[in-house]
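> coordinates for the following, if possible.
(4 chains, ligands or ions: 4)
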There are 2 protein chains.
Amino acid sequence: MEKNVTDLLREKGFKVTPQRLAIYKILTMTKTHPSAEMIFSQLQPSYPTMSLATVYKTVDILREIGMIQVLNAGEDSFRYDADTSDHPHVRCMECGRVDDLHDIDFSDFVDGVAKRTSYRLTGQQFYFYGICPDCQKRSAN
Amino acid sequence: MEKNVTDLLREKGFKVTPQRLAIYKILTMTKTHPSAEMIFSQLQPSYPTMSLATVYKTVDILREIGMIQVLNAGEDSFRYDADTSDHPHVRCMECGRVDDLHDIDFSDFVDGVAKRTSYRLTGQQFYFYGICPDCQKRSAN
DNA sequence: TATAATTAGATAATGATTATCAAAATAGAA
DNA sequence: TTCTATTTTGATAATCATTATCTAATTATA
Ligand SMILES: [Mn+2]
Ligand SMILES: [Mn+2]
Ligand SMILES: [Zn+2]
Ligand SMILES: [Zn+2]
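Numbers count the residues shown, from 1 in each chain, chains lettered A, B, ... in the order given. Ligands and ions are numbered 1, 2, ... in the order given. Below is the predicted model of the structure:
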C-alpha cells in the first residue's frame, strides 16, 4: 500500500517526503473522511512541525495522482478519502460524521442518467443526509 | 408563485421586502443555479444599492422556509435552486455550468440505501460530472 | 399616523484555502 | 559518499466566500 504511493509519486515526478507518506497513511488508516484540519491535528503529536499548508498541498497532489478522492458533503470544508472506489456517502446532520455506503448497486441509476443527458459523463458523487445511529440513541435519551 | 413566498414569509414571521422578493424571483426565472455572487450581479442594474450580505441572509431564509434548496457541486461556493424537487445535477468540468437532470428514476437506489444503512435518512444530493455539449463542440474545434 | 420590531446596507470579522519565499530536504550524478 | 540542481517544507501573508455587527431605514400593525 505505502509502496504504491512512493512509486507513484516518483513516477509522476513528485518527491517522496515523510510528510507526504504520513498524510497518506493517515488517510488509509481511517474511515472518518477527515478534513485538512483534522489530518493536521492527528499529525501534530508525531510531526509537531507539520504545516497546515503542507497538508493542503499534499492532498492536492494525492488527488492529482489518483490516490485519494475529495468529498464535498455540503459542509464548509472538503474531506479526503483514500478509498477511491466509487461509493456513496452519508452525513449525520447532527454530529457531522461522514460514513461510507458500501455494497450498493447504482449502475442502473448511472446508466439511466448517461442515456438521458447530452453531457459526456466522467464521474459522480452521491451524498445522503440523515441521523446516525449514535445520534438517534442520544436523542432518544 | 410569487404570492407563495409573500404568504410563506409572513406566515413564518419574516417580513416581506422588495429585496427578498427580487432574490426569489431571480431564482425562479433561471435554470443556472446561481451562486450568491451571481444573484448579486444580476440584481445590480435594478437594485444598485443591494448588499451582498442581504443576498446571503435572504437565501438562508428562503432555504429555512423551504422555498429553495442549496447545492454544493464540489465548487468553492454554494449554489441556489428554486426548484425544490428532488433531482440530480450535472456540472461541466470545463465551463462550470450546472444543469438539471430531470425524469430520472432513482427510487430503487434510494430504497436500497435506506434498507442497508442504520442512518435515519432525511434527504440526498446526486452530482454528476462531465463535459457539457457546448464544451464538447468547442474542444472538437 | 405612531410605534415596536425587523431588515438593509455598510463594513468588519472569520475561516478555509492558496500564494509567496527562504531554508531544508530529496534524488541523481559524480 | 559527496555534490548539486530541483523540489518541498514551514512560516506567514493574501485571498475568497461567508458570517457577524451595528445603525438608519423599512415593515406591519394598531
Ligand atoms: Mn468513503
Ligand atoms: Mn436544479
Ligand atoms: Zn451523528
Ligand atoms: Zn461546459
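
> contacts, neighbours, all on C-alpha from now
Fine.

> quick one: pLDDT of the residue in chain A positioned nearest to DNA strand C?
Scanning chain A for the residue nearest DNA strand C gives A:S77, at 3.4 Å (criterion: CA to the nearest atom of the strand). A:S77 carries a pLDDT score of 95 in this model.

> separation between the residue lying closest to it once chain neighbours are set aside and ligand 4?
Among residues not flanking A:S77 along the chain, A:S35 sits closest, at 6.8 Å (CA to CA, 6 or more residues apart in numbering or on different chains). Applying CA to the ion, to the nearest Å, the value for A:S35 to ligand 4 is 29 Å.

> do A:E64 as well
Applying CA to the ion, the value for A:E64 to ligand 4 is 21 Å.

> and for that residue, the neighbour number?
12 (other CA atoms under 10 Å in any protein chain shown).

> and for A:Y129?
By the measure other CA under 10 Å, the count of residues near A:Y129 is 22.

> partner strands of the helix or strand that it is a member of and their direction?
Per DSSP states H and E: A:Y129 is located in strand A:120-131. Here strand A:120-131 is paired, per DSSP bridges, with strand A:89-92 (parallel), strand B:120-131 (antiparallel).

> would JSON lines of those with distance to ligand 4 and mean pLDDT be doable?
What follows is the strands paired with strand A:120-131, written out as JSON lines (distance: least, CA to the ion, whole Å; pLDDT from 0 to 100):
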{"stretch": "strand A:89-92", "distance to ligand 4": "26", "mean pLDDT": "97"}
{"stretch": "strand B:120-131", "distance to ligand 4": "6", "mean pLDDT": "97"}
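
> domain parsing for chain A?
A:1-84, A:85-141 (automatic domain parsing).

> returning to what we had before: quick one: is the strand holding A:Y129 near ligand 3?
No. In terms of CA under 5 Å from the ion, no part of strand A:120-131 sits within range of ligand 3; the closest distance is 5.5 Å.

> likewise for stretch A:80-97?
Yes. Part of stretch A:80-97 sits near ligand 3 under the criterion CA under 5 Å from the ion, namely A:92, A:94-95.

> residue ranges with poor pLDDT in chain A?
A:1-3 (pLDDT under 70).

> restricted to buried residues, select the residues of stretch A:80-97 next to ligand 3 in ChimeraX.
Selection command for ChimeraX covering only the buried members of the residues of stretch A:80-97 next to ligand 3, criterion 16 or more other CA atoms under 10 Å in any protein chain shown:
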select /A:92
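
> between the residues of stretch A:80-97 next to ligand 3, which is nearest A:S107?
Comparing those against A:S107 with CA to CA places A:C92 closest, at 25.0 Å.

> shouldn't the closest one be in contact with A:I131?
Yes. With contact taken as CA atoms under 8 Å, A:C92 and A:I131 are classed as touching, separated by 4.8 Å.

> shared neighbours, these two?
Common contacts of A:C92 and A:I131 (CA atoms under 8 Å, 6 or more residues apart in numbering or on different chains): B:Y119.

> after the strand holding A:Y129, next one along is what?
Heading C-terminal from strand A:120-131 (DSSP H and E), you reach helix A:133-139.

> where do the helices of chain A begin and end?
Ranges of helices in chain A, per DSSP state H, are A:2-11, A:18-28, A:36-43, A:52-64, A:107-116, A:133-139.

> can you give me how far the longest one is from the chain middle?
Just to be clear, that refers to helix A:52-64. In terms of CA atoms, centre = their mean, to the nearest Å, the centre of helix A:52-64 is set 12 Å apart from its chain centre.
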